[in-house]
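Novice: Give me a model of this one.
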Amino acid sequence: MSCTAHFQYSRSRDHHANKYSCPRLFLNPNLFITRVLNVNRSSVENKAYSTMVCSSDVGVRRRRSDGRHKMVNEMVEASLFSTGKFGRFGGIFVPETLVTCLNKLADEFNLVLRDSHFQAELAVALRDYVGRETPLYFAQRLTNHYKNCNGQGPEIYLKREDLNHGGAHKINNAIAQAMLAKRMGRKRVVAATGAGQHGVATAAACAKLDLDCTIVMGDVDMERQSSNVLLMKLFGAQITSVEGTFKDATSEAIRNWVEDLDRSYYLAGTAVGPHPCPTIVRQFQSVIGKETRKQAMEKWGGKPDVVVACVGSGSNALGIFHEFIGDEDVRLIGVEAAGVGIDSGKHSATMAKGVIGVYHGAMSYLLQDDEGQIIGPHSIGVGLEYPGVSPELCFLNDIGRAEFYSVTDEEALDD
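Specialist: Numbers count the residues shown, from 1 in each chain. Here you go, the predicted structure:
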């Protein structure tokens with residue numbers, strides 16, 4: 001792409017052009033659904049050229065004005081450590097029969113956070129079984145591609161979660177929760193999966209810990225991700241197919257768990273659902289951000305200026321965002337799937353188009369119609385088709401600590 005074409009594209013898509021000097025860098029949206037990017041711009045001489053901004057089809061909220069930065073830390077801290085609530089989001093919206101079970105899970109989770117033996121065992125599993133720490137890779141060619149005519153631009157780093165055992169970040173949480181399940185005396189683990197990554201991770205964790213494993217998956221996703229279905233079976237998991245996609249698999253997995261509460265453990269892979277599920281997933285995925293901070297200090301002696309992550313329901317984004325929430329000089333940018341188009345009705349851009357509602361036991365932004373019925377999400381990215389999103393991300397959006405943008409299927413495939 002020539003510099004001229006690049007800058008024309010930037011001006012035509014930028015709804016905040018008056019806030020920055022031109023030319024500005026727009027990062028190719030197709031990366032946002034496949035990798036977590038960590039961008040260091042400390043070596044760029046002219047800071048006006050170094051701001052990395054995502055293109056968007058809609059005017060997504062950007063509220064991080066300097067006047068509010070001093071308030072962000074206090075608001076975040078007060079909310080993140082309250083029981084089950086992130087501002088007005090989260091909570092426990094389930095039948096009374098499940099409340100006791102969830103409270104017991106929350107108590108056990110809080111215990112293992114302070115249990116040195118559990119933490120040491122988890123650290124060994126993450127190192128020897130998962131394969132952590134994962135590299136923070138400097139993408140030299142990608143960095144060169146996005147330099148402007150004067151040779152200026154951000155340095156782009158990729159946090160290589162794809163190198164974990166199972167090929168995704170999902171096993172960070174799966175191995176920890178499987179250990180928690182065994183500690184609680186559960187013999188059987190139930191999980192739902194969309195793209196199959198959480199299914200593979202859960203099956204791998206259960207194989208290591210000798211736990212029975214049932215994975216629920218939509219028939220549409222099973223057809224699209226047959227290789228992951230095979231991997232789950234090789235790990236010894238029982239696969240249950242339901243009609244539909246990830247949202248339908250989640251509903252069925254919860255029903256399956258409820259039928260056998262004393263023996264089964266519902267292993268959530270996404271940062272949604274009733275408390276304490278979103279907090280558990282975020283906590284066990286936060287190793288991504290912790291490693292990123294350490295590696296950034298080793299590589300350039302500082303922090304990333306911008307952290308970008310794809311957003312399906314939130315485990316990937318929160319895994320890297322959480323470590324930097326208190327660092328107000330680090331921009332946190334999430335990118336959702338806009339599907340066929342943000343106004344087409346066929347997308348998964350919950351932050352952009354969702355309204356507040358309750359789904360799968362928690363309050364968050366939801367894709368729903370005027371009568372409160374769930375609108376079926378769409379994305380070419382398997383696993384991103386979920387009508388809700390993490391209550392914690394909803395909160396970070398509302399207070400302006402994180403920014404959210406959307407990318408269409410066409411943009412994601414455009415090279």
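Novice: Tell me where the stretch 251-400 of the chain has helices.
Specialist: Assignment of helices within the stretch 251-400 of the chain using DSSP state H, counting those that start in this stretch yields the ranges 277-285, 287-300, 315-321, 350-353, 391-398.
Novice: among these, which is nearest residue 407?
Specialist: The closest of the helices of the stretch 251-400 of the chain to residue 407 is helix 350-353. By CB to CB, the value is 10.9 Å. (Each C-beta comes from the backbone N, C-alpha and C, glycine too.)
Novice: Check which helices and strands that closest one sits against.
Specialist: Packed against helix 350-353 by the contact rule (3 or more CB pairs under 8 Å, 6 or more residues apart in numbering; DSSP states H and E) you find strand 331-339, strand 362-366, helix 391-398, strand 402-408.
Novice: Could you list the buried residues of the shortest one?
Specialist: Meaning strand 362-366. Residues of strand 362-366 classed as buried by neighbour count (16 or more other CB atoms under 10 Å): 362-366.
Novice: and which of the residues you listed is nearest residue 182?
Specialist: residue 362 (25.7 Å).
Novice: my guess is that closest one meets residue 88, correct?
Specialist: No: when contacts are counted by CB atoms under 8 Å, residue 362 is not listed as touching residue 88 (11.3 Å).
Novice: Format the buried residues of strand 362-366 as TSV; extra columns: distance to residue 187 and pLDDT.
Specialist: Below are the buried residues of strand 362-366 laid out as TSV (distance: CB to CB, whole Å; pLDDT from 0 to 100):
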residue	distance to residue 187	pLDDT
362	27	96
363	32	97
364	32	97
365	36	97
366	34	96
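Novice: Now compare those residues and name the two farthest from each other.
Specialist: Farthest apart among the buried residues of strand 362-366 by CB to CB are 362 and 365. That separation is 11.0 Å.
Novice: how far does stretch 382-391 sit from the chain's center?
Specialist: Relative to its chain's centre, stretch 382-391 lies at 9 Å (CA atoms, centre = their mean, to the nearest Å).
Novice: Dump the C-alpha coordinates for it into CSV.
Specialist: Taking Å, rounded to 0.1, in the frame of the first residue of the first chain, the C-alpha atoms of stretch 382-391 are listed here in CSV:
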residue,chain,number,x,y,z
VAL,A,382,-15.8,-19.0,14.8
GLY,A,383,-16.3,-18.5,18.6
LEU,A,384,-17.0,-14.8,18.4
GLU,A,385,-20.7,-15.5,17.8
TYR,A,386,-22.0,-14.7,21.3
PRO,A,387,-24.7,-12.1,22.0
GLY,A,388,-23.2,-10.9,25.3
VAL,A,389,-19.9,-9.7,26.6
SER,A,390,-17.9,-9.7,29.9
PRO,A,391,-19.5,-7.6,32.6
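Novice: average model confidence for that stretch?
Specialist: Averaged over stretch 382-391, pLDDT sits at 90.
Novice: Likewise for stretch 186-202?
Specialist: If you average the pLDDT over stretch 186-202, you get 97.
Novice: Where does pLDDT dip in the stretch 1-150 of the chain?
Specialist: Within the stretch 1-150 of the chain, the ranges that satisfy pLDDT under 70 run 1-83.
Novice: at 50 what do you get?
Specialist: Low-confidence segments of the stretch 1-150 of the chain (pLDDT under 50): 1-70, 80-81.
Novice: For the stretch 101-250 of the chain, which segments count as helices?
Specialist: Assigned by DSSP H, counting those that start in this stretch, the helices in the stretch 101-250 of the chain fall at 116-125, 140-145, 170-183, 197-209, 219-224, 226-234, 246-258.
Novice: other SSEs contacting the first one?
Specialist: So that's helix 116-125. For helix 116-125, the packing partners by 3+ CB pairs under 8 Å, 6+ apart come out as helix 96-113, helix 170-183.
Novice: what about residue 147, how many residues close to it?
Specialist: Residue 147 has 16 neighbours, counted by other CB atoms under 10 Å.
Novice: residues touching it, list them.
Specialist: For residue 147, the contacting residues are residue 153, taking CB atoms under 8 Å, 6 or more residues apart in numbering as the criterion.
Novice: Next one: it relative to residue 141, how far apart?
Specialist: 11 Å (CB to CB, to the nearest Å).
Novice: Mind listing the shared neighbours of those two?
Specialist: Counting by CB under 8 Å, 6+ apart, residue 147 and residue 141 have no common neighbour.
Novice: out of the helices of the stretch 251-400 of the chain, deepest packed?
Specialist: Counting by mean count of other CB atoms under 10 Å, helix 315-321 has the highest mean neighbour count of those, with a mean of 29.
Novice: what's that helix in contact with?
Specialist: So helix 315-321 is contacted by 36, 38, 159, 161, 169-170, 172-173, 269-271, 281-282, 285-289, 292, 307, 309-311, 332, 334, 390, 392-393, 396, 402 (CB under 8 Å, 6+ apart).
Novice: tell me the mean pLDDT for that helix?
Specialist: Mean per-residue pLDDT for helix 315-321: 97.
Novice: Of all the helices of the stretch 251-400 of the chain, which one is nearest residue 195?
Specialist: Put simply, out of the helices of the stretch 251-400 of the chain the one that sits nearest residue 195 is helix 315-321, at 11.3 Å, with distance taken as CB to CB.
Novice: Return that closest one as PDB; C-alpha atoms alone will do.
Specialist: Backbone C-alpha positions of helix 315-321 (Å, rounded to 0.1, in the frame of the first residue of the first chain) are rendered in PDB as follows:
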ATOM      1  CA  SER A 315     -11.300 -13.900  28.200                       C
ATOM      2  CA  ASN A 316      -8.600 -13.000  25.800                       C
ATOM      3  CA  ALA A 317      -8.900  -9.200  26.200                       C
ATOM      4  CA  LEU A 318      -9.200  -9.300  30.000                       C
ATOM      5  CA  GLY A 319      -6.200 -11.600  30.200                       C
ATOM      6  CA  ILE A 320      -3.900  -8.900  28.900                       C
ATOM      7  CA  PHE A 321      -6.000  -5.800  29.900                       C
END
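Novice: show me what contacts the nearest residue to residue 275 once chain neighbours are set aside?
Specialist: Residue nearest to residue 275 in three dimensions, not counting chain neighbours: residue 84, with 3.0 Å by CB to CB, 6 or more residues apart in numbering. Residues in contact with residue 84 (CB under 8 Å, 6+ apart) are 90-92, 106, 274-276, 279.
Novice: if we go to 7 Å?
Specialist: Applying CB atoms under 7 Å, 6 or more residues apart in numbering to residue 84 gives the contacts 90-92, 275-276.
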